[in-house]
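**Student:** Sequence first, predicted model second:
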Amino acid sequence: MVGDEQVLRSGDFLVDGHLTNAGVLLFSRNPTRFLPSARVRVLKIDGTQMQTARRLNIVKDKDFDGPLPEVVEEASQLIASLLREFQVLGEDARFRTVPEYPEYPEYPEFAWFEGLVNAVAHRDYSIRGEYTRVVIFDDRLEITSPGILPNCVTLENMRTTRYARNPKICHVLASFKWVRELNEGVHRVYQEMEELGLPDPEFSEPSDFSVRLVLHNDIGKRAPYMSDSIGPKAAEVRRTERTLSDAEVTALNLAESEGRVTTVWLMQSVGVSRVTASSY
């Protein structure tokens, strides 16, 4: 049987009895002991801008620290739980999740997950004091990765130029089917956003030491569309309101006034289970 140490040596993760930086990031239980900035921070903001002091509007703030595969898995689970799903009303004025009336995700899962994986796989771990950050606003999702693009890659040629800043990390994460060559993943992010009818992803270098991906959920266009769908149908339902339960009436009021609802929002506002909320 091949021992752990032999596996680490064969992959050049253990040299002269010491873990390399890649070895620490991938296999150490506490990477930040050696690389203090090697963590992912996920924030959920109530609004479209981050406020401070008395107007602080951070509703979720969690750091993830550990072996990179665990960090990616745990951070992605939290991100998924913080994102919304949109539904449209069926012909009978009830929200549907059957194939004819699907739920629409706030963002394509591939787009934000690829952004997260790229951020941890290609970031510059020599930069101190900067974490990989995922910030979820009402109208967009931002992923910021410390480290500038290498000389061969620009914002203009990202979809056609391949590179890997940390090839050993990329190789291991590829075993999870997570990592692709950078341009392959970027190209598909564009495709996924387009297929969902959302704006193109935005890549930028907001500073001399970071790269940022911004995904827009196009909430400004989605909400009126949902409102237009809800308004006429809500009026029809009102004529039979006496046959509705109190929870159904509350859900209808929310839909009519807000122009859009999500399963999670109904669960929290009406106090019903996910199954019940999905059936409204």
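**Tutor:** Thanks, I have the structure now.
**Student:** who's in contact with Pro69?
**Tutor:** Each residue near Pro69 by CB atoms under 8 Å, 6 or more residues apart in numbering is listed here: 26, 172-173, 176. No exception for glycine: its C-beta is placed from N, CA and C like everyone else's.
**Student:** So it: helix, strand or coil?
**Tutor:** Here Pro69 is recorded as helix under DSSP: H, G, I helix; E, B strand; the rest coil.
**Student:** I'd like the numbering to begin with 41 instead of 1 from here.
**Tutor:** Renumbered: residue one is now 41, and that last one reads Pro109.
**Student:** any idea how far Thr88 is from it?
**Tutor:** Going from Pro109 to Thr88 by CB to CB, to the nearest Å gives 33 Å.
**Student:** likewise Tyr203?
**Tutor:** Applying CB to CB, the value for Tyr203 to Thr88 is 33 Å.
**Student:** what about the two, which has more around it?
**Tutor:** Taking neighbours as other CB atoms under 10 Å, Tyr203 and Thr88 compare with Tyr203 leading, 16 against 11.
**Student:** So that one is in contact with Pro190, correct?
**Tutor:** Yes. Between Tyr203 and Pro190 there is a contact at 5.6 Å, judged by CB atoms under 8 Å.
**Student:** per-domain residue ranges of this structure.
**Tutor:** The record's domain split for the chain, according to automatic domain parsing, is 73-124+144-257, 260-319.
**Student:** Between the ones you listed, which has the poorest mean confidence score?
**Tutor:** Mean pLDDT per stretch puts domain 260-319 lowest among those, at a mean of 58.
**Student:** Please look at Pro239 and Lys261 and confirm they touch.
**Tutor:** No. At 9.6 Å, Pro239 does not count as touching Lys261 under the criterion of CB under 8 Å.
**Student:** follow-up on the earlier one: out of the contacts of Pro109, the closest to Asp248 would be?
**Tutor:** Asp248 has its nearest neighbour among these in Leu213, at 26.5 Å by CB to CB.
**Student:** Does Ser116 touch Leu156 like I think?
**Tutor:** Yes. Counting by CB under 8 Å, Leu156 is a contact partner of Ser116 at 6.1 Å.
**Student:** Among the two, which residue is more densely surrounded?
**Tutor:** More crowded of Ser116 and Leu156, by other CB under 10 Å: Leu156, with 24 against 20.
**Student:** Just the C-alpha atoms of the helix or strand hosting that one, please, in PDB.
**Tutor:** Assessed by DSSP states H and E, Leu156 sits inside helix 149-162. What follows is helix 149-162, C-alpha atoms only, in PDB (Å, rounded to 0.1, in the frame of the first residue of the first chain):
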ATOM      1  CA  GLU A 149     -24.800  27.600 -10.900                       C
ATOM      2  CA  PHE A 150     -21.900  26.900 -13.300                       C
ATOM      3  CA  ALA A 151     -21.100  30.600 -13.600                       C
ATOM      4  CA  TRP A 152     -20.700  31.400  -9.900                       C
ATOM      5  CA  PHE A 153     -19.200  28.000  -9.100                       C
ATOM      6  CA  GLU A 154     -16.600  28.400 -11.900                       C
ATOM      7  CA  GLY A 155     -15.800  31.900 -10.600                       C
ATOM      8  CA  LEU A 156     -15.300  30.500  -7.100                       C
ATOM      9  CA  VAL A 157     -13.000  27.700  -8.200                       C
ATOM     10  CA  ASN A 158     -11.000  29.900 -10.500                       C
ATOM     11  CA  ALA A 159     -10.600  32.400  -7.700                       C
ATOM     12  CA  VAL A 160      -9.000  29.900  -5.300                       C
ATOM     13  CA  ALA A 161      -7.100  28.000  -8.100                       C
ATOM     14  CA  HIS A 162      -5.500  31.000  -9.800                       C
END
